[in-house]
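Enquirer: Have a look at this prediction, sequence included:
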Amino acid sequence: MARKVLVLGEVRDGSLRNVSFEAVAAAKTVAEGGEVVGVLIGGSVNPLGAELVKYGADRVVTVESEKLAQYTPDGYSQALMAVIGEENPEGLILGHTALGKDLAPKIASRLSSGLISDATAVEVAGGNLVFTRPIYSGKAFEKKVVTDGLIFATIRPNNIAPLEKDESRSGDVSSLSVDIKDIRTIIKDVVRKATEGVDLSEAKVVVAGGRGVKSEDGFEPLKELANVLGGAVGASRGACDAEYCDYSLQIGQTGKVVTPDLYIACGISGAIQHLAGMSNSKVIVAINKDPEANIFKVADYGIVGDLFEVVPMLTEEFKKLKVHS
Amino acid sequence: MNIYVLMKRTFDTEEKITISGGSINEDGAEFIINPYDEYAIEEAIQVRDANGGEVTVISVGNEEAEKQLRTALAMGADKAVLINTEDDVENGDQFTTAKILAEYLKDKEADLILAGNVAIDGGSGQVGPRVADVLDIPYVTTITKLEINGETVTVTRDVEGDSEVIETSLPLLVTAQQGLNEPRYPSLPGIMKAKKKPLDELELDDLDLDEDDVEAKTKTLEVYLPPQKAAGRVLEGELGDQVKELVNLLHSEAKVV
């Protein structure tokens, strides 16, 4: 059954986030041959419309306003509800990002719709659109369908493959004018603390440190390795509690859940709370002095050794690899 | 100040997860206050101590949640309310819970509602914003700092590692992120006092709701465990050779770099 499906694209630092292209791919599955319409909301987002089309959207609707230059649930919900009113979609896909997590439940409430959060896969099975999502911190999975409202889901970054970019695709980019009224939460300041460039939850490579990094400076070699691999730095709760790094880097049951292609755990013992945040990574490497460390049980590859010796050597080897390839 | 906390009793995910009869086996498992809700309870107590007023902790669930509500009272909350859905709701979802909570809260004139930003079992993080939307009050999720100055509220919010400083006003709903505070352990006198604090129990009927009003809008078809991962390889030999081998394996075998 062909459906019209909206995808909210997400803009960060002037470009579309990867998860938006993944969301388009998910929307294609949900649309079952119907139209996929990208939605972009912001201060100035029109120029990005064409990019969303190249990744598979059939056309794009933008809502631009100075009041939408920064995300607020009131501003964005008014804009998105206006597009939904105009388009009457049967499906809606957002990324399960800070923005998607914050906005989607409000939209679901507005529409009196079901919502499946944090989906890692979507498929058509038995005439239903079935979403897979992790529960119990990734220790189990459930398959779920929406029974009332839109086919509405947020998708976890790094899990659904985007479609190949097709430079030849073209589609209409139109703008919808929306009078944005009351915004009840005003952003006064944004303090950038996250690692420069690569977002931890979307990173393809995560280099994480535990108590074994021993100090704030101990994170330096990890940062260098992450830089060479184009990845992000994360941490265990132990490292955060010891004030070696900011809590924003924490991966685990409390903290972030990441599913990169490659997770390199340095000086992390592998407490069960930490495993909850990273055990679904595609490939896990453990570097630890203690051969009995729990982290080796979930690692695909392990090196027993001092991270301060191993990590710089790894950085050098990867540099050589990059030069050769 | 009239403060409410939305609390969920959750399975402790440190427990080993097994499945029986198509759902997670709860027999003998340890149950706890959802860790993010603990931050919400702690913050509510601190806000009350600074501004005066009363903290009421609400939970939607079955009578087993009384234990966690008593713990919240022992931490220092003033009142607890259990909305017992055991007889009425078989397969609720986030819509169900939010609808029930909002129905309870709609005439309570809450100044501040706190919740955890996500529960560690279901992990959807929908209920807080859904409740705020139904009550038509602003919300801020994943907060790490809350300052109340009369009607003006300044909130710091964690946004994937960055921090947003947000100005808003009461009434307000916020959801707690790690780093907001350090939840206290209940003290022995606190535990003794908690036994005498009011814990009301309501059912859907008391809220003028029936089963159809709260019927779930999603359905779970299947719950399963992820495939067991084969044991990994711990490399051997000279450290330098191990490092070369690892890079080679990641490049040629695992193909991730």
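Expert: That came in fine, so what should we check first?
Enquirer: On the strand side of things, show who B:N149 bridges to.
Expert: B:T152 (DSSP bridges).
Enquirer: That one: how many residues sit nearby?
Expert: 8 (other C-beta atoms under 10 Å in any protein chain shown). Glycine gets a C-beta too; all of them are placed from N, C-alpha and C.
Enquirer: Quick one, grab the pLDDT at it.
Expert: In the prediction, the pLDDT value recorded for B:N149 is 94.
Enquirer: Just list whatever residues bridge to the closest residue to A:V145 other than its chain neighbours.
Expert: The shortest distance from A:V145 to any non-neighbouring residue, by C-beta to C-beta, 6 or more residues apart in numbering or on different chains, is to A:N128 (4.9 Å). Listed by DSSP bridges, the beta-bridge partners for A:N128 are A:A125.
Enquirer: Hmm, A:T147 and A:N128 touching each other?
Expert: No. In this structure A:N128 lies outside contact range of A:T147 using C-beta atoms under 8 Å: 9.5 Å.
Enquirer: Tell me which residues are up against the longest helix anywhere in chain B.
Expert: Determined from DSSP state H, the single longest helix within chain B is helix B:35-51. For helix B:35-51, contacts defined as C-beta atoms under 8 Å, 6 or more residues apart in numbering or on different chains pick out A:253-254, B:1, B:3-8, B:33, B:53-55, B:57, B:72, B:75-78, B:112, B:114-120, B:146, B:148, B:174-178, B:180-184.
Enquirer: List the residues that contact B:D158.
Expert: Counting by C-beta under 8 Å, 6+ apart, B:D158 touches A:98, A:248, B:142-144, B:177, B:179.
Enquirer: And it, how close does it get to A:V298?
Expert: 27 Å (C-beta to C-beta, to the nearest Å).
Enquirer: picking up where we left off before, inside strands: which ones of the contacts of helix B:35-51?
Expert: Judged by DSSP state E, strands contain the following of the contacts of helix B:35-51: B:3-6, B:33, B:54-55, B:57, B:112, B:114-116, B:146, B:148, B:174-176.
Enquirer: give me the residue from the stretch 51-200 of chain B nearest chain A.
Expert: Per C-beta to the nearest C-beta, B:G161 is where the stretch 51-200 of chain B lies closest to chain A, at 3.2 Å.
Enquirer: hang on, the earlier thing: could you report the distance from the residue nearest to A:V145 to A:A299?
Expert: 37 Å.
Enquirer: Show the subsequent helix or strand relative to the helix or strand of chain A with the lowest mean pLDDT.
Expert: One helix or strand of chain A scores below all others by mean pLDDT, DSSP states H and E: helix A:272-278, with a mean of 89. Downstream of helix A:272-278, the next assigned helix or strand under DSSP states H and E is strand A:283-288.
Enquirer: So the following helix or strand past that next one, near chain B or not?
Expert: Next in sequence after strand A:283-288, counting helices and strands by DSSP H and E, comes helix A:295-298. Yes. Counting by C-beta under 8 Å from any C-beta of the partner chain, chain B has neighbours in helix A:295-298: A:296-298.
Enquirer: and which of these is nearest to B:I19?
Expert: A:V298 (20.2 Å; C-beta to C-beta).
Enquirer: and the residue lying closest to B:T96 once chain neighbours are set aside, what does it touch?
Expert: Leaving aside its chain neighbours, B:T96 sits nearest to B:V214 (4.6 Å; criterion: C-beta to C-beta, 6+ apart). Shown in contact with B:V214 (C-beta under 8 Å, 6+ apart): B:85, B:88-89, B:92, B:95-96, B:99-100, B:204.
Enquirer: can we see that at 10 Å?
Expert: Contact partners of B:V214, counting by C-beta atoms under 10 Å, 6 or more residues apart in numbering or on different chains, are B:60, B:85, B:88-89, B:92-93, B:95-100, B:103, B:204, B:207.
Enquirer: can you tell me which of those residues are in strands?
Expert: B:V60.
Enquirer: and which of the contacts of B:V214 is nearest A:K204?
Expert: B:D93 (32.7 Å).
Enquirer: Assign a three-state SS to the residue nearest to that closest one when sequence neighbours are not counted, would you?
Expert: Nearest residue to B:D93 in three dimensions, chain neighbours excluded: B:A216, at 3.9 Å (C-beta to C-beta, 6+ apart). When classified by DSSP: H, G, I helix; E, B strand; the rest coil, B:A216 comes out as coil.
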